[in-house]
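Colleague: dropping a prediction and its sequence here:
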Amino acid sequence: MDETRFGIQKIIKIFGSDISRNALVKAEASGNIPLASRRDTGTLKRRAWGIENLPQISEQYGFLKHLNRPTALSIFTTKGGVLKTTLSLNIARMAALHNIRTCVVGLDMQSDVTTALGFNTDLEESEDLQSAITRLNSTRGLLNVFKGEVELADVVLPTDIPTLSFIPKTPELVALDQLISNKNRREYWLKETVIDPLKQQFELVIMDCSPNWNRLITNALVACDTLVSPLECKINNFRNYQAFRVFLEEFRKELKLDFDFVFIPTRFTSTRKLSAEIRSWYLAHVSGCINGSIRESVHGEEAVAQHVSVPEYVPNSLAADEMREAILEIWNRLMDSSKKQKVPKGIRPTSQLERSKETFTLTNG
Ligand SMILES: Nc1ncnc2c1ncn2[C@@H]1O[C@H](COP(=O)(O)OP(=O)(O)OP(=O)(O)O)[C@@H](O)[C@H]1O
Ligand SMILES: [Mg+2]
């Protein structure tokens with residue numbers, strides 16, 4: 001079977017929705033969704049769509065709806081290996097498959113979402129060292145944007161899903177981190193030069209962060225509308241979380257930021273008592289913690305290695321169900337946040353302005 005084609009059953013399972021086979025067949029016949037190719041399976045000719053058709057199909061049958069305003073997420077916590085990149089990949093691909101124009105920004109100089117998205121994976125198989133170096137050097141990133149050598153649009157690359165793009169991490173992010181430090185308004189460079197302009201073109205921007213709180217992370221926090229933070233269900237992270245939360249609150253207060261928080265329990269092992277207890281503690285004590293969790297699973301790991309989301313890789317598994325549920329919960333939070341009217345700093349909401357005018361009139365009248 002061609003793994004890159006999607007039959008009716010697989011589509012139904014990926015989106016985990018109430019779509020029926022008949023509904024899809026009728027929608028195809030009436031032109032509401034793209035025409036499928038026919039896969040010859042011997043006795044039957046089965047319908048199969050390419051991944052490029054999925055956004056249009058899920059627009060009608062998926063479980064994620066468009067947000068009320070362009071939204072930027074930073075996926076960050078100060079602990080390594082807790083599934084930040086895995087969540088970036090899964091949220092990005094599922095959103096893009098739901099026809100939500102999405103751009104991922106790789107901000108981790110080490111392992112990051114660029115590799116998870118499948119970029120440069122065949123580098124080792126390229127003919128020789130020289131061509132590999134040439135290819136690497138031709139990859140432009142945020143440092144080139146910073147230096148004014150390229151436009152932002154030049155570093156946004158496409159993926160196999162038409163609604164998903166990304167800005168790759170490049171080794172020069174280290175230099176960028178240093179250069180930003182020497183700028184005026186050094187916390188705002190990413191927001192003003194990269195993320196806000198991306199929000200003109202994309203509905204969702206996801207920043208995959210490193211676990212080290214450097215200048216780029218400070219910029220990512222300033223630029224985001226919501227911080228998505230994994231909470232590993234392990235004892236070391238339990239301690240890490242408490243310190244992280246204090247830092248975060250201080251940082252938010254100092255810079256007068258108003259991003260929202262969503263915390264997601266990850267690497268949960270239901271058979272381990274300690275893991276279960278830690279998860280219960282998070283649920284009871286961490287405001288912004290979702291009810292769902294991402295469990296420790298080989299399927300989850302394999303999906304990353306295949307550069308796809310868990311629902312695409314093993315649509316019919318517990319891991320896929322949990323990932324869909326976690327993403328839906330995050331999405332509902334984003335929906336709620338995007339309904340809140342955010343007012344640019346320095347501008348008072350009309351109602352407040354009106355009220356103060358009233359007060360002025362009363363006191364002077
Ligand atoms: N459900 C899962 N269970 C266990 N391992 C997983 C699961 N999903 C992904 N993994 C693997 O766990 C490893 C760490 O995950 P990931 O890279 O997402 O963490 P991270 O928080 O981004 O790490 P870093 O701080 O190094 O950037 C990866 O090799 C990934 O493939
Ligand atoms: Mg990572």
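Modeller: Cool, got the structure. Numbering: from 1, shown residues only. Ligands and ions are numbered 1, 2, ... in the order given.
Colleague: neighbours of residue 272, how many?
Modeller: As a burial measure, residue 272 scores 13 neighbours (other C-beta atoms under 10 Å). All C-beta spots, glycine's among them, are computed from the backbone N, C-alpha and C.
Colleague: find the closest residue to ligand 2 in the stretch 151-300 of the chain.
Modeller: residue 208 (6.1 Å; C-beta to the ion).
Colleague: I'd like to know how far that residue sits from residue 45.
Modeller: 41 Å (C-beta to C-beta, to the nearest Å).
Colleague: ok, residue 325 next?
Modeller: From residue 325 across to residue 45, the span is 35 Å (C-beta to C-beta).
Colleague: swap in residue 224?
Modeller: Counting by C-beta to C-beta, the gap from residue 224 to residue 45 is 47 Å.
Colleague: who has more neighbours, these two?
Modeller: Taking other C-beta under 10 Å, residue 224 and residue 45 do not tie; residue 224 has more neighbours (25 against 11).
Colleague: wait, isn't the more buried one in contact with residue 206?
Modeller: No: using C-beta atoms under 8 Å as the test, residue 224 is too far from residue 206 to be in contact (9.4 Å).
Colleague: between those two, what contacts are shared?
Modeller: By C-beta atoms under 8 Å, 6 or more residues apart in numbering, residue 224 and residue 206 have these common neighbours: 72, 73.
Colleague: from residue 255, how far out is the closest residue to residue 209 other than its chain neighbours?
Modeller: Excluding its sequence neighbours, the residue lying closest to residue 209 (C-beta to C-beta, 6 or more residues apart in numbering) is residue 76, at 3.8 Å. Residue 76 is 15 Å from residue 255, where distance means C-beta to C-beta.
Colleague: so for the closest residue to ligand 1 within the chain, what pLDDT did the model give?
Modeller: Using C-beta to the nearest ligand atom, residue 300 is the residue of the chain that sits closest to ligand 1, at 2.4 Å. If you check residue 300, the pLDDT there is 96.
Colleague: also residue 123?
Modeller: So, for residue 123, pLDDT stands at 57.
Colleague: one more: residue 117?
Modeller: For residue 117, pLDDT reads 85.
Colleague: next one: phi and psi at the residue of the chain closest to ligand 1?
Modeller: Backbone torsions of residue 300, given as degrees, to the nearest 10, read phi -60, psi -40.
Colleague: the one 4 residues further on now?
Modeller: Comment: the main-chain dihedrals of residue 304 come out as phi -60, psi -40, following degrees, to the nearest 10.
Colleague: can you verify my assumption that the residue of the stretch 151-300 of the chain closest to ligand 2 contacts residue 75?
Modeller: Yes: the pair residue 208 / residue 75 is scored as a contact, 5.6 Å apart, by C-beta under 8 Å.
Colleague: how about residue 275, what does it touch?
Modeller: So residue 275 contacts 233, 234, 267, 268, 269 (C-beta under 8 Å, 6+ apart).
Colleague: mind doing that once more with 7 Å?
Modeller: Going by C-beta atoms under 7 Å, 6 or more residues apart in numbering, residue 275 touches 233, 234, 268, 269.
Colleague: ok, which stretches of the stretch 201-350 of the chain are helices?
Modeller: For the stretch 201-350 of the chain, applying DSSP state H, counting those that start in this stretch gives helices covering 215-223, 235-255, 273-285, 298-305, 310-313, 318-339, 350-364.
Colleague: can you tell me the residue of the protein closest to ligand 2?
Modeller: residue 85 (3.2 Å).
Colleague: what angle do helix 298-305 and the helix or strand harbouring that residue make with each other?
Modeller: Per DSSP states H and E, residue 85 falls inside helix 84-97. On the basis of axes from the mean of the first three to the mean of the last three C-alpha atoms, to 10 degrees, helix 84-97 is oriented at 70 degrees to helix 298-305.
Colleague: can you state the direction angle for helix 84-97 and helix 318-339?
Modeller: Using the same axes, to 10 degrees: helix 84-97 against helix 318-339 is 70 degrees.
Colleague: immediately after helix 84-97, which helix or strand?
Modeller: Following helix 84-97 in sequence order, the next helix or strand is strand 102-106 (DSSP H and E).
Colleague: list the buried ones in that following strand?
Modeller: 102, 103, 104, 105, 106 (16 or more other C-beta atoms under 10 Å).
Colleague: quick one, what contacts residue 141?
Modeller: Shown in contact with residue 141 (C-beta under 7 Å, 6+ apart): 155, 167, 168, 169, 170, 172, 173.
Colleague: please report the distance of it from residue 91.
Modeller: Look at residue 141 and residue 91: by C-beta to C-beta, they are 22 Å apart.
Colleague: any idea which of the buried residues of strand 102-106 the model trusts least?
Modeller: Lowest pLDDT within the buried residues of strand 102-106 is found at residue 106 (93).
Colleague: quick check, residue 187 in contact with residue 222.
Modeller: Yes: between residue 187 and residue 222 a contact is recorded at 4.8 Å, counting by C-beta atoms under 7 Å.
Colleague: between the two, who's got more neighbours?
Modeller: residue 222 (21 against 18).
Colleague: ok, that one to residue 287 distance?
Modeller: Per C-beta to C-beta, residue 222 is found 22 Å from residue 287.
Colleague: helix, strand or coil for the closest residue to residue 176 other than its chain neighbours?
Modeller: Closest residue to residue 176 apart from its sequence neighbours, by C-beta to C-beta, 6+ apart: residue 143 at 4.5 Å. Using DSSP: H, G, I helix; E, B strand; the rest coil, the structure places residue 143 in helix.
Colleague: cool, thanks, signing off.
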